[in-house]
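> only the shape, not the letters, is given here:
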């Protein structure tokens, strides 16, 4: 696995990646991203919204999930990234990523859409955390309501237990397509509820408060 990673918005920040296996390749991408050598700074960890007032946080500081949560169950970095990576690949195919992310990683996202790259590669170059700021408004709204159920649904889809068993699912197109169908079904079901909430004036801040309350309450 040899590649030159060139951020589309920062061509001068090209990084040479050399690896003998896919696992080593993902680890190299992740390490470069965390060092801030792929054209963007190291992402921050998640910041719970409970107890915060409106406007007192930045979306770039919040994550739906962080890699550390998965490394607790699966210490192998590439395997730990698979569930979040598949979701990120689906979001790329559904045009649910933020404009800045698409511009920064345009070539990689095109390779994902042509099934020449995996979502775990995109997750790695974005620092390994599923940040809210990776997604556009539609993506944020959907994941705010759905993501707390994602790992449970992911496990049920493959007849696995939540935890260590989830990470034996191969990171290939066959299994990705099953996840993508599940996410698309959930996304379509959420549209009516989200549009109803928007008409009632429910802001992203309020939705995120509800999400955190449900996650930790």
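Now that the structure is in, tell me what you want to look at. Every value quoted in this text rests on a predicted model; they were computed, and no experiment measured them.

> residue 89 and residue 131, how far apart?
16 Å (C-beta to C-beta, to the nearest Å). In short, each C-beta sits where N, CA and C put it, glycine included.

> pick out whichever of these two has more residues nearby.
The residue with more neighbours, out of residue 89 and residue 131 and counting by other C-beta atoms under 10 Å, is residue 89; that gives 27 against 23.

> where are the low-confidence patches of this structure?
Within the chain, the stretches with pLDDT under 70 are 1-61, 194-217.

> tell me where it has helices.
Under the criterion DSSP state H, helices of the chain are mapped to 22-34, 67-71, 77-80, 82-93, 99-104, 106-113, 119-125, 137-157, 173-199, 204-216.

> switch these over to TSV; also include distance to residue 165.
Putting the helices of the chain into TSV (distance: least, C-beta to C-beta, whole Å) gives the following:
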stretch	distance to residue 165
helix 22-34	19
helix 67-71	13
helix 77-80	12
helix 82-93	12
helix 99-104	30
helix 106-113	26
helix 119-125	18
helix 137-157	7
helix 173-199	14
helix 204-216	21
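
> tell me which of those helices sits nearest to residue 166.
Smallest distance to residue 166 across the helices of the chain (C-beta to C-beta): 5.2 Å, for helix 137-157.

> that closest one vs helix 82-93, what angle?
Per axes from the mean of the first three to the mean of the last three C-alpha atoms, to 10 degrees, the angle that helix 137-157 makes with helix 82-93 is 140 degrees.

> tell me how many other residues surround residue 140.
Neighbours of residue 140 using other C-beta under 10 Å come to 20.

> go ahead and confirm it touches residue 132.
Yes. Assessed by C-beta atoms under 8 Å, residue 140 is found in contact with residue 132 at 5.7 Å.

> so what's residue 119 up against?
Applying C-beta atoms under 8 Å, 6 or more residues apart in numbering to residue 119 gives the contacts 84, 85, 86, 87, 88, 89, 90, 92, 112, 176.

> which two in those residues are spaced the farthest apart?
84 and 112 (13.8 Å).

> more crowded one of these two?
Between residue 84 and residue 112, counting by other C-beta under 10 Å, residue 84 is the more crowded of the two (28 against 23).

> residue 150 and residue 87, how far apart?
Separation of residue 150 from residue 87 (C-beta to C-beta): 7 Å.

> neighbour count: the two, which is higher?
Just comparing residue 150 and residue 87: by other C-beta under 10 Å the higher neighbour count belongs to residue 87, 27 against 21.

> quick one: that one and residue 179 touch, right?
Yes. Between residue 87 and residue 179 there is a contact at 7.2 Å, judged by C-beta under 8 Å.

> test my guess that residue 166 contacts residue 159.
No. At 10.8 Å, residue 166 does not count as touching residue 159 under the criterion of C-beta under 8 Å.

> in stretch 69-88, what's buried?
Of the residues in stretch 69-88, 70, 74, 77-88 count as buried by neighbour count, 16 or more other C-beta atoms under 10 Å.

> rewinding a little: quick one: which of residue 166 and residue 159 has more around it?
residue 166 (22 against 7).

> quick one: that one and residue 151, what's the gap?
As judged by C-beta to C-beta, residue 166 and residue 151 stand 7 Å apart.

> any shared contact partners between those two?
Common neighbours of residue 166 and residue 151 (C-beta under 8 Å, 6+ apart) are residue 83.
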